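>>> all I have is the shape, not the residue letters:
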């Protein structure tokens, strides 16, 4: 009897292992431990550099954040064992570096600017924990991401509503741009979540209509241009983007949403004509905005003539912040001053828009390259899912989301390094701001889910 | 779809390539020029972390850094500060303020200048404490002390400039009253501010370096420039004569000009007086006649060749001496003896004196000799250079001759030194009907081969209102200083 059962048990064990192979998760664990070590190391260096001693209380809070990341890892082992192993470690490391820098700036504001206390770092850590927790919830509950496809138009509507929320007077959270809402004392940027909703909507919409979008068109100069009837959606999205730029005074979000749509449209239809029209529309919009909107015009001036003494000392639309960001990066040079040993606090609002110059100052060009490489890895994982997947909705969604992150990085880092005019977006995962962090970790959850589903699908053998 | 995703990925890679390039350009290619931008506060704050190099005069550290436990890490200490403060200035990171050499050579002192780049790199590689370069001055501590003490012993407020006329190197640059830079360099910002305010409102304006940063009527010392202009014009010689009257009223004016002391020039009964005697006895009447004949333009032209209307970069900041334009007859006549529309710094007076001493060749003034790195390598050497040749050698010789006779038996006899030919010229400048005089002596020794040019300026009449003159008050100071130099 036993002789017969023994091989049977072995086969069962092998089958179980085949059904739940944890190779990817083991790789993720190794990378995650590396990220956790770097995050804790960054905080320790900040404290030694800026305080000269260790503050174990803060390190404890960082520890809890890292434990939550481990919890996410365990949740993945149980619920989505085939999910991409790079996403969580990369996202955690970026979040960790960002929080470390924001906390570092708190210390500088107390030391150098006579502030009694500054707690942006603590808030950021709380938001990070909340974001990772929500990521766990989404990974756990969203067993099949294709549910989202069913609610395509609901998400589209939700996206528009979220963007419009700051216009409701009693919800408006103030500020220069109309992008904040305030509920029960909490400030939130609904535009960040709207971005995800619109990505879902675009993916669903394009999967449904791509046949009619691709079937016809005129060929001019070797490019296939779409017919006027199919041209409609592009025009609508363009108008929405322009409305965001003009009405909300939010150049960055407008460009981001439009760029995301054009990219997804191109991937869905394969028509270069769409891209050309998109670029032309974006260019026309930008030029028009420069002439009509003083704040956009100011951004262009700062971009072109940043180092001008007059512009530097101007009372309004001054290039002071931009130039001081450049000073900071130059100060860091190749290897940086070391964490906690530079003066990133000299640049105004160094923790949000200028988090990259702040990190560049203390980590040097080497550090900036490493951070950019992390973003590239993140974006490439999204593209990888897009290439490997067989479900068009999943492909489009993951490409759209990861491209959005990459575009956002380009707009922000390009803005502070004078590749393009600066627009007020958040640098994903790094910059201070709860809404942005939350939205980006929800993107992580979605990408994890789609990548898991892609790998679980039986591989079709296609030549 | 896969093909499009690949293409999109290439676009993403291109976007990131742009970022790799832009960050490299800022953090490597432009890093040096952005760091050198004067609006860049980080460079200033960086300098606090460096042990600033000392400022050295003749082997003595007159400014040095000591370690402290506060956030600025190093405290600047000034020894014998009253004597040197007008040159060193102070450096106070707590107030974010610096003056004097501390300000004008802060890049070198904090090791951030380009010349110190290799030394800094070496410090980084070997893990040594970052140290700035030291500034070695041309000043001679013995001469500086002699000049300072000579003024202070008499309670004079004034300035002494001592230079080597052949090189332009300054041997002393004294301004009294001095102040204690240590009080203003205190990291206790409130105390330092209070000290700075006290000094700013104190009697005698101690914070201002009277030798280079304050303008005075040069009085009769300017007669040297007028005489040089006359000889250079070719219309006059040392023997040219002028009417020898006790007073003179230029045509078209009503205010009369008199000699000091009142009477004919040198007490002579002769109807005429030569240019040589006018300089020897420092007579105003003949010089006023000469100025009218020369015209203000010729005098201004000569003065500008000597450096009037220009500032010098020591690299301490100096003010430019001034000479008016479009003068009327009365103003032109008074220009002949250095009054009214003319001001000069003691440095400027010393420079034209030095040019006369140096055969007509005027050297640029030098106060910094060299910048020396922590590793004792010379990072920058300040070489003597010519400012110009404002007068010919033979004119310089003639003027020297007149100055020698002035010290021998003329108006500057208190500067006589046993066994040495001294060339000199006094000045007693009026500042207003009831204001005390400004008293001057400027000269050099030995007259035939000068080692030293000394200019003494005593402000506020040396405490004697309108009763003192250049010979009784300024010349003895100059004598002591020249003796100190010649004794070496």
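Structure received. Remember, predicted model here, so these are calculated numbers, not experimental data. Residues are numbered from 1 along each chain as shown, chains lettered A, B, ... in the order given.

>>> chain A contacts on chain B?
Taking CB under 8 Å from any CB of the partner chain, the part of chain B that reaches chain A is made up of B:1-6, B:8-9, B:12-13, B:15-16, B:18-20, B:22-28, B:30-32, B:34-35, B:37, B:39-43, B:45-46, B:71. In short, each C-beta sits where N, CA and C put it, glycine included.

>>> now, of those, which are buried?
Buried subset of these (neighbour count, 16 or more other CB atoms under 10 Å in any protein chain shown): B:1, B:4-5, B:8-9, B:12, B:15-16, B:18-20, B:22-24, B:26-27, B:31, B:34-35, B:37, B:40-43, B:45-46.

>>> mark which of these are part of helices, please.
Judged by DSSP state H, the subset of those located in helices is B:4-5, B:8-9, B:12, B:15-16, B:18-20, B:22-24, B:31, B:34-35, B:41-43, B:45-46.

>>> pLDDT-wise, which helix or strand of chain B ranks last?
helix B:117-126 (a mean of 63; mean pLDDT, DSSP states H and E).

>>> and after it, which helix or strand comes next?
As assigned by DSSP states H and E, the chain's next helix or strand after helix B:117-126 is strand B:134-137.

>>> and the helix or strand following that following strand, what's buried?
Per DSSP H and E, the first helix or strand lying C-terminal to strand B:134-137 is helix B:141-153. Neighbour counts over helix B:141-153 (16+ other CB under 10 Å) mark B:141-152 as buried.

>>> I'd assumed residue B:62 was in a helix, is it?
No. With DSSP: H, G, I helix; E, B strand; the rest coil as the criterion, residue B:62 is strand rather than part of a helix.

>>> tell me who's in contact with it.
B:54-56, B:78-80, B:84, B:87-88, B:137, B:141 (CB atoms under 8 Å, 6 or more residues apart in numbering or on different chains).

>>> redo that, cut-off 6 Å
B:55, B:84, B:88 (CB atoms under 6 Å, 6 or more residues apart in numbering or on different chains).

>>> report pLDDT for it.
What the model reports as pLDDT for residue B:62 is 95.

>>> residue A:45 versus that one, what's the distance?
40 Å (CB to CB, to the nearest Å).

>>> can you show me the helices along the stretch 351-488 of chain B?
For the stretch 351-488 of chain B, applying DSSP state H, counting those that start in this stretch gives helices covering B:393-409, B:470-486.

>>> in the last one, what counts as buried?
Across helix B:470-486, burial judged by 16+ other CB under 10 Å covers B:470-471, B:473-482, B:484-485.

>>> stretch B:404-415 too?
Under 16+ other CB under 10 Å, the buried positions of stretch B:404-415 are B:404-408, B:410-412, B:414-415.

>>> what is the end-to-end distance of that stretch?
10 Å (CA to CA, to the nearest Å).

>>> off-centre distance for it?
25 Å (CA atoms, centre = their mean, to the nearest Å).

>>> likewise for stretch B:51-59?
Computed by CA atoms, centre = their mean, the chain-centroid distance of stretch B:51-59 equals 20 Å.

>>> what's next to that stretch, contact-wise?
With contacts defined as CB under 6 Å, 6+ apart, stretch B:51-59 is touched by B:61-65, B:74, B:88, B:101, B:109-110, B:131-137, B:139-141.

>>> counting neighbours, which of these end up buried?
B:62-65, B:74, B:88, B:101, B:109-110, B:131-137, B:139-141.

>>> quick revisit: can you add mean pLDDT and give the helices of the stretch 351-488 of chain B back as TSV?
Shown next, in TSV, are these (pLDDT from 0 to 100):
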stretch	mean pLDDT
helix B:393-409	95
helix B:470-486	95
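
>>> kindly reformat those as TSV containing distance to residue A:112.
TSV is the format used below for the helices of the stretch 351-488 of chain B (distance: least, CB to CB, whole Å):
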stretch	distance to residue A:112
helix B:393-409	59
helix B:470-486	48
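
>>> of all those helices, which one is nearest residue A:431?
helix B:470-486 (66.3 Å; CB to CB).

>>> low-scoring pLDDT stretches of the stretch 1-150 of chain A, where are they?
Within the stretch 1-150 of chain A, the segments meeting pLDDT under 70 span A:1-7, A:10, A:12-21.

>>> please, which helix or strand holds the residue lying closest to residue B:30 once chain neighbours are set aside?
Nearest residue to residue B:30, sequence neighbours excluded (CB to CB, 6 or more residues apart in numbering or on different chains): residue A:330, at 6.3 Å. Per DSSP H and E: residue A:330 is located in helix A:320-332.

>>> report the angle between that helix and helix B:2-24.
Orientation of helix A:320-332 against helix B:2-24 (axes from the mean of the first three to the mean of the last three CA atoms, to 10 degrees) gives an angle of 80 degrees.

>>> appreciated, that's everything.
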